[in-house]
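Q: Next input, structure requested:
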Amino acid sequence: MNRKILCLILMVCVAAAAAFAGCTVQTPDTAASDNTHGKVFEKSMPFDPKTVSITEKASPMYTNSVDHTEEVTLYFMNGGDVPYVSLEEFMGIFEEWGFDMTFDADGSMAYYINPNGYSADFDFEKNTIHFTDYNMFYNKPGNALIDAADLSKGVAPLFQKDDEKSYERYGREITFRLGDYGIPMVHKNGRYYIPLQTFSDVFLSVKEYFSLYNGQDLILTNELTDDLRDLYYSAPKLERSKELAEFDYNELCFALDHHYGLKDTHRITSFDAFFHECGYDDELKSTNQTLADEALYQFIDLHLDDKHSGLTAVSFRTDKKAFLEEMPNLGEGLSSTAFINQKEEFKKVRAKYFPSGVPHYEEIGNTAYITFDHFEDNGCDDYYSAPREDELDNTIRLMQYAYDRITRKDSPVENVVMDLSLNTGGLVYTAVYVTGLFLGEGQLSLDYELTGALVSTYYHIDTNRDHVFDEKDTLAGKGYKFYCLETDTSFSCGNLVPNFFKNSNRVTLIGQTSGGGSCAVQPLSTAAGTQFQVSGNMRSSFIKNGAFYDIDRGADPDVYIKDPNFLYDRKALTDYINNQIK
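A: Okay, here's the model as predicted:
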């Protein structure tokens, strides 16, 4: 696959040349007026939807667990092996999510209708699915336009949304033009069918679900747990037919064109064109499933290379042994390689100063250090109880513990340092809680790339666990000086928090520019059963002068530090903070 690596080098050169030549690229304004999201090369339909013959097959369907099962009917066109679903029959998943959707149809038109009036409109003549508002179609009464925080039930009482400050801007209409991708919808004998994988990419994906079908079992899930994994791979390997290979490729192009949130940043107009230009299209269309999975793995790692995207599990059709043997030869992206190398370097230096492991909380003289490498919430029996030292892997409990220690009677603490130097991200609502500790309120601002919808949601947090949201819940306004340690390893939520700190002008950033990662992870699957994830449509931003600015480039430090020893020699760093930073 040397051709692929050569293509990567050429892309870098072309990008550099374009920058110097002042080449015109698609701007946010022109992108907003383009509702095609990268039209593919012209595709022909695999069959005539009006004359197709339809067969059916009963299949057990498992939703999130092997214990949650029901029987469903899958449909196959002209005896092929691409499964279709009936729109009317397949509405149960909406009930699973708490939506009371209704189905309606009239001739060549069919509709999923949310009680709020927003609908998904299927036009079987034009082969399209239209949404007046894609985001509102999934909205429940009283909810934000986009539920950015996605609070779990256990932590929800610790957050109070500030409706007066929060902001919403509705997105534009969107039409999924399946015909452009050679993906047929079928209306026959009063029934309405679309491919299972298309249903997954249009409807399941918004809730971070995906579908897998191994020829005997259908799985709908947002995570392939051990029991589901065993079930999925227990099926006999099936051949990857020419029909399936072609559909698998077309659907992959469709999914990436509509769900990859960094298309503009990567200057991608269409993934079909991108695959062709870099020589991946033939391998992705191959009837050899192992070769197709290797191509997808390499493409994501070398060409997307955004550290959120990656192949997470191969198809049940794939020869796992052959795939694993080939993996070392598939290469690794430049950004990912640099990220891993720096992370390992900084971990070694930190271990030199903390051979028994870095404490989550410690005080050096008048300076408190709060350190955590992941934004986690691993559960708690009672978030309103006094936090214990054995709970500090839980980010929310760590913030509560730090608050209690810093504000205790006769506390010597004057400076508070949050060490995110090796933090690679995690749960976004814990990041909101963290920013609330320093700034008095947590905030999430999102740009939904597919529709252009914008939301900015503010939260008050309960840190002292008195069931009251007030100034006592934050360190802000109490005379403390705030600092944050960041490096290129500070990624995803580890990048989000430094950006909020930077924009607040109330926290001094020390270290190196954070590592970016502005998009929420979007799990996806292919029609052939390969699982992967990409940087999705929800892009974190900060607001300045009323405009939303993407945070993928990272937050620049106020005090640049190259030597990692300086970050982890905390006595020296404390002296520097007290004597050198004004």
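Q: just the strands in the stretch 101-250 of the chain please.
A: Taking DSSP state E, counting those that start in this stretch to define them, one finds strands in the stretch 101-250 of the chain at 102-106, 109-113, 119-123, 128-131, 159-161, 167-169, 174-177, 186-188, 191-195, 210-213, 218-221.
Q: Buried deepest among these, which one?
A: The highest average neighbour count among those, using mean count of other C-beta atoms under 10 Å, belongs to strand 210-213 at a mean of 26. Quick note: C-beta positions are derived from backbone N, CA and C, even for glycine.
Q: Show me what that one pairs with in its sheet, parallel or antiparallel.
A: strand 218-221 (antiparallel) (DSSP bridges).
Q: quick one: residue 354 and residue 567 touch, right?
A: No - the criterion here is C-beta atoms under 8 Å, and residue 354 misses it with residue 567 at 11.6 Å.
Q: how far out from the middle of the chain is stretch 306-325?
A: Counting by C-alpha atoms, centre = their mean, to the nearest Å, stretch 306-325 is centred 19 Å from the centre of its parent chain.
Q: Let's see the distance spanning that stretch from one end to the other.
A: Terminal residues of stretch 306-325 are spaced 24 Å apart (C-alpha to C-alpha, to the nearest Å).
Q: Over to stretch 418-438 now: how far is its first residue from its last?
A: End-to-end span of stretch 418-438 (C-alpha to C-alpha): 9 Å.
Q: no no, stretch 475-492
A: Stretch 475-492: ends 24 Å apart by C-alpha to C-alpha.
Q: So for that stretch, what gets flagged as buried?
A: Buried residues in stretch 475-492, counted by 16 or more other C-beta atoms under 10 Å: 475-476, 480-492.
Q: Check stretch 300-318 too.
A: For stretch 300-318, by 16+ other C-beta under 10 Å, it's 300-311, 313-318.
Q: Residue for residue, what is the longest strand this protein has?
A: Counting by DSSP state E, the longest strand found in the chain is strand 531-544.
Q: Geometric centre of the protein: which residue is closest?
A: By C-alpha atoms, centre = their mean, the mean C-alpha position of the chain lies nearest to residue 521, the distance being 1.3 Å.
Q: Please report how far that one lies from residue 466.
A: 35 Å (C-beta to C-beta, to the nearest Å).
Q: quick one: the residue of the chain most remote from its centre from residue 473, how far?
A: Distance from the C-alpha centroid of the chain peaks at residue 410, with 43.6 Å (C-alpha atoms, centre = their mean). As for residue 410, its distance to residue 473 is 21 Å (criterion: C-beta to C-beta).
Q: what does residue 133 give?
A: Taking C-beta to C-beta, one finds residue 133 at 35 Å from residue 473.
Q: Same question for residue 575.
A: For residue 575 relative to residue 473 (C-beta to C-beta), the value is 31 Å.
Q: swap in residue 50?
A: 63 Å.
Q: The two: which is more packed in?
A: Counted by other C-beta atoms under 10 Å, residue 50 and residue 473 do not tie: residue 473 has more neighbours, with 23 against 9.
Q: Surely that one is in contact with residue 459?
A: No - look at residue 473 against residue 459 with C-beta under 8 Å: they stay out of range, at 11.0 Å.
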